[in-house]
Structure formats: C-alpha cells, structure tokens
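Engineer: With the sequence up front, the predicted model follows.
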Amino acid sequence: MEQIVAGLRVLHVIAGCVALLVMAVPLLAAKGGRAHRRAGWVFVVAMAVICTTGLFTSGHRILTETRPGVRTAAAFLFYVSVLAGASAFKGMRVLRQKKRTGRGGVLDLAVAGMLFAAGAVTAVVGLRAGQPLLMAFGGLGLVGGGTDLRYWLFPPRERMHWWYEHMGDMGGTCIAALTAFAVANARNLGLGNFSLWAWLLPTLIGAPLLVYWGREYRRRFERREPGPAMEPESVGGASTIGA
C-alpha cells in the first residue's frame, strides 16, 4: 500500500505541474477558440487527477496516522481536495445546463451539499482548535457550498448565468492550483509549513480579480442588445471550455 501511495504522490505532483503550465492559456486565449478549449480540458483533467490523488493519499494518512497533529493536517488536506474538486466539477457542469429552467440534478445538489457540510465541519474544528487557517478555509466551503446550493435549487435569473458561474468556478480552481504551489514552496518563499500567508495570499489576490472580471463581462453583455439566444459567439467569439 505504501508503494501505491508513493506512486499517487508522484502522480499528484506531475498533475500539479501540468495544471500550472496550462492554466494561463484558457484565461488569456480567445474564449471559445481552439486553444481555450483544448488547454481548458487539459487543466480540468489535471485538476481531477490532483483532487483524486489528494483525497486518496490524505485519506490513507487519516486512517493510518496515530499522531493527532498529523491526522488533523491530513484531514485538512482532504478537505482542500474536496473544495478544489467541487469547484472544478461545478465549473464544468454549468456548461451542460446552460438552458436550465428548474433545479439542478441530484449529483449537482449532492456535491454542493457535501462542500457545505465539509466547510462547516472544518470551520468548527478550526474554532475549537483556535486555528485561523481552518476557520478561513472552512468559511470558504460554507460560502461556496451555500452559493452552489442556491444556484442549483432555484431557476437561474440571469441570461448568461452559466458564463458567470463557469468563470468564477474555474477561476477558483486556478486559485486552488496556485495555493498548492505556494504551500509546496513556502520554505523557498521564506515562509513556514502551513503558513497562513502561503495558504491565503492566492485567494486574497485572485478573488478580487474574479469579482472585477465578472463585473466587466456583465457590463459588456448589458451593452449588447439581447437576442433570442445570447451565446458567447455573439459577444466577440467568447466562450468557455466544453461549450
């Protein structure tokens, strides 16, 4: 089993490198273009590998580790994999349900509910242990899971709802990849292991950029006369991966 876990850790690192290498292409390339779609799929597959291997290796450590502090750290990393995986999952699912007029599917609600519950547990553990890092990331899960539940439970009100959701979720997945890189290289950056700055700085920088980006696209769409089916091709060729 230890050899399997070691191999999964190597695969985890390789997938992380791939995600970092291609991450900028979908962000900068023309939306809906070949480069955007192909690089986007490579990024999504790499993140799927990262989250899957992260869940397995962290889960193995939770079950086999006897030191309480190490088990807590493994549980937190397990939760981080859930957080990143839920974001990537929803970022792709919204593309399949552009014309949704009712509730999302059972799987959509289950993933959102799982994220909300995991965030609540992590936040409570952080409060009891006095760990700001766990409290902060638990709060991210609570907010993200609650927002996702609201999105899937009620019919969308915005014409381009799937665009904004995809953009926000995939941007959040990129932040997760950058966070992993910052944490893995915390010592090289002059920070300690599990440094609060290493874990939170990508979010503190990336989240406002996503908000600004979303507002810019809303203004762009509002300036255009709505047609019967306002697709990305009608706004300068912009689209999203998998569309």
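Structural biologist: Now that the structure is in, tell me what you want to look at.
Engineer: ok, longest helix in this structure?
Structural biologist: In the chain, assigned by DSSP state H, the helix with the most residues is helix 34-64.
Engineer: Surely Trp213 is in contact with Met170?
Structural biologist: No. Look at Trp213 against Met170 with Cβ atoms under 8 Å: they stay out of range, at 11.2 Å. C-beta: built from backbone N, CA, C; applies to glycine.
Engineer: so where is this structure shaky, pLDDT-wise?
Structural biologist: For the chain, applying pLDDT under 70 flags the ranges 189-190, 192-194, 224-243.
Engineer: just the strands in it please.
Structural biologist: For the chain, no strands are identified by DSSP state E.
Engineer: Do a quick rundown of the helices in it.
Structural biologist: Counting by DSSP H, the helices of the chain are 2-22, 24-28, 34-64, 68-96, 106-129, 132-153, 161-184, 196-223.
Engineer: Dump the second one to PDB, keeping only the CA atoms.
Structural biologist: This means helix 24-28. What follows is helix 24-28, C-alpha atoms only, in PDB (Å, rounded to 0.1, in the frame of the first residue of the first chain):
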ATOM      1  CA  ALA A  24      -2.800  30.700 -18.200                       C
ATOM      2  CA  VAL A  25      -3.900  29.600 -21.700                       C
ATOM      3  CA  PRO A  26      -7.700  29.400 -21.100                       C
ATOM      4  CA  LEU A  27      -7.500  32.700 -19.100                       C
ATOM      5  CA  LEU A  28      -5.700  34.600 -21.800                       C
END
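Engineer: quick one on the thing from earlier: higher neighbour count, Trp213 and Met170?
Structural biologist: Met170 (26 against 15; other Cβ atoms under 10 Å).
Engineer: thought the more buried one was touching Pro26?
Structural biologist: Yes. Shown here, Met170 and Pro26 form a contact pair, counting by Cβ under 8 Å, at 7.3 Å.
Engineer: Near Thr122, how many residues? Count them for me, please.
Structural biologist: Look at Thr122: counted by other Cβ under 10 Å, it has 28 neighbours.
Engineer: count of neighbours near the closest residue to it other than its chain neighbours?
Structural biologist: Nearest residue to Thr122 in three dimensions, chain neighbours excluded: Gly138, at 3.5 Å (Cβ to Cβ, 6 or more residues apart in numbering). By other Cβ under 10 Å, the residues close to Gly138 number 24.
Engineer: same deal with Phe56?
Structural biologist: Phe56: 17 neighbours (other Cβ under 10 Å).
Engineer: Can you tell me how far the closest residue to it other than its chain neighbours is from Gly16?
Structural biologist: With sequence-adjacent residues excluded and distances taken as Cβ to Cβ, 6+ apart, Phe56 is closest to Leu8, at 5.7 Å. For Leu8, the distance to Gly16 equals 12 Å [Cβ to Cβ, to the nearest Å].
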